[in-house]
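In: need a structure here:
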Amino acid sequence: MKNIVDQAPHAALLKGNHDDRAAQDFAFTLRNLVTSELMPANRTVFDRRVAPAYARANGKPPETPAQVRTAMAADSWYKFYISARRTSQELIWSSVIPAVEQGEPAPVAPAGGTLTLAENFTPPRYISAIDIHCMPGGYCADRGPGDEAAGAVYDRGVYLYMSGLMGPMNDGVGQLAARWLHARLPDFAPANILDLGCGVGHSTLAYAGVWPDAQLHGLDCGAALLRYGHRRAESLGVPVYFHQGDAEHTPFPDASFDLVTSHIVLHETSTRALPAIFAECHRLLKPGGVMLHIDQPRFDDSDPYATFLQENETFYNNEPFWRQYRRIDLEAAAAKAGFATPELDVLSAAVVQQSQNNQKLPDAIAKKRGFS
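Out: Numbers count the residues shown, from 1 in each chain. You can find the predicted model right below:
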């Protein structure tokens with residue numbers, strides 16, 4: 001396995017002692033083995049064994065993702081693979097939790113950011129009712145005033161989960177979004193930026209590198225995520241205004257922001273919530289403002305096997321909305337939220353082209369208002 005740069009240290013990060021890091025290295029390596037060696041083997045099993053057997057029994061090979069799943073679910077190799085994948089996922093979190101429970105973050109010097117938690121806040125059920133990505137307690141776990149555990153677990157855990165591919169600061173998606181938008185609209189200089197579902201601020205901070213004079217705001221449901229995110233941003237010297245709230249009903253006045261964005265968030269919402277979030281973005285944007293969401297591309301069912309494999313996130317990784325989200329027409333949803341069709345066309349074609357040129361890039365949808 002190629003060497004990958006380790007996660008960059010900062011005052012809030014808790015990696016633990018020697019034994020903790022050894023357990024994390026094992027979980028990291030197992031995850032890489034499962035994704036790089038075991039997962040590709042499923043295609044060979046499907047082509048050489050499962051599809052022919054299904055064709056003999058049904059008169060034709062499986063033609064839909066559901067039929068592929070029915071056929072694969074009975075195969076011993078696939079059962080082994082799914083077990084190994086789920087186990088590697090759970091090991092990531094279990095390797096990180098002891099370091100967080102026993103660690104003590106270092107003090108940080110103020111950088112000028114703020115943290116505003118809501119009183120009597122009730123997070124949406126699509127976030128609170130399930131441990132997304134199998135992270136124990138989920139994003140909304142909060143043990144009371146001062147608790148940062150969910151944020152500390154997420155920061156270290158997501159680095160291992162992504163095998164370091166998001167970069168040493170876990171900000172690869174934010175860097176992609178900010179730099180792409182700046183290249184696409186070089187005259188666009190947002191003064192106020194809102195990152196919805198900001199988590200611990202991985203992507204939020206990336207915008208400071210492109211627009212250093214912009215005022216950065218991050219909104220999320222999880223109090224512990226936000227406490228940790230605030231400490232992390234302060235330790236890195238980036239002032240961010242963190243707020244607890246729901247992306248469907250934010251606490252900000254109309255026309256508050258030049259840029260409203262999110263990063264790998266929409267697929268963790270719901271059928272009802274997504275249109276409401278788009279409508280809220282429309283309300284929050286100033287004339288000439290931009291809405292930019294980075295997430296997974298729509299399914300292309302021309303290869304039912306590929307769709308079946310992607311759908312495993314819903315079946316085995318606690319991502320209930322994943323399958324449905326990846327079949328939604330985002331442009332139609334944005335138009336229904338108030339973004340006019342000609343405005344939608346300005347950026348979306350370029351995004352599709354970028355996604356097709358590099359399949360490792362997440363798909364994006366960018367919409368603007370009144371920009372000529």
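In: what's the distance between the residue nearest the centre of the chain and D171?
Out: What sits nearest the mean C-alpha location of the chain, by CA atoms, centre = their mean, is I264, with 3.1 Å. With distances taken as CB to CB, to the nearest Å, I264 is found 12 Å from D171. The C-beta positions use only the backbone N, C-alpha and C, and glycine is treated the same way.
In: and H10, by the same measure?
Out: Taking CB to CB, one finds H10 at 12 Å from D171.
In: between the two, tell me which one has more neighbours.
Out: D171 (22 against 18; other CB atoms under 10 Å).
In: give the contact list for the more buried one.
Out: H202, S203, L205, A206 (CB atoms under 8 Å, 6 or more residues apart in numbering).
In: cool, and R31?
Out: S88, Q89, L91, I92, L160, Y161, S163.
In: go on, S163?
Out: Counted by CB under 8 Å, 6+ apart, S163 has contacts I4, F28, R31, N32, T35.
In: what is the neighbour count of the last one?
Out: Burial of T35, expressed as a neighbour count using other CB under 10 Å, amounts to 13.
In: what about stretch 229-240, start to end distance?
Out: The straight-line separation of the ends of stretch 229-240 (CA to CA, to the nearest Å) is 9 Å.
In: L285: which of the contacts of D171 is nearest?
Out: S203 (18.6 Å; CB to CB).
In: quick one: the nearest residue to the closest one once chain neighbours are set aside from A84, how far?
Out: Using CB to CB, 6 or more residues apart in numbering and skipping residues adjacent in sequence, the residue nearest S203 is G174, 2.9 Å away. According to CB to CB, G174 and A84 sit 31 Å apart.
In: out of those two, which sits in the busier spot?
Out: Taking other CB under 10 Å, G174 and A84 do not tie; G174 has more neighbours (27 against 16).
In: tell me which helix or strand comes right after the helix or strand containing the more buried one.
Out: Using DSSP states H and E, G174 falls within helix 172-184. Next helix or strand after helix 172-184 toward the C-terminus (DSSP H and E): strand 192-196.
In: what mean pLDDT does that following strand get?
Out: In this model, strand 192-196 carries a mean pLDDT of 98.
In: roughly how far does Y161 sit from H230?
Out: Counting by CB to CB - Y161 and H230 are separated by 23 Å.
In: likewise I294?
Out: From I294 to H230 the distance is 23 Å (CB to CB).
In: who's more crowded, these two?
Out: H230 (26 against 23).
In: so what's the more buried one up against?
Out: H230 neighbours (CB under 8 Å, 6+ apart): G113, T114, L115, G201, V240, F242.
In: try it again at 10 Å.
Out: If you count contacts by CB atoms under 10 Å, 6 or more residues apart in numbering, H230 has them with 12, 108, 111, 113-117, 148, 151, 200-201, 218, 240-242.
In: so what touches stretch 45-52?
Out: Counting by CB under 10 Å, 6+ apart, 42, 44, 54, 60-62, 67-68, 70-78, 81, 305, 308-309 sit against stretch 45-52.
In: so which bits of that stretch are buried?
Out: Within stretch 45-52, the residues that count as buried by 16 or more other CB atoms under 10 Å are V45, F46, V50, A51.
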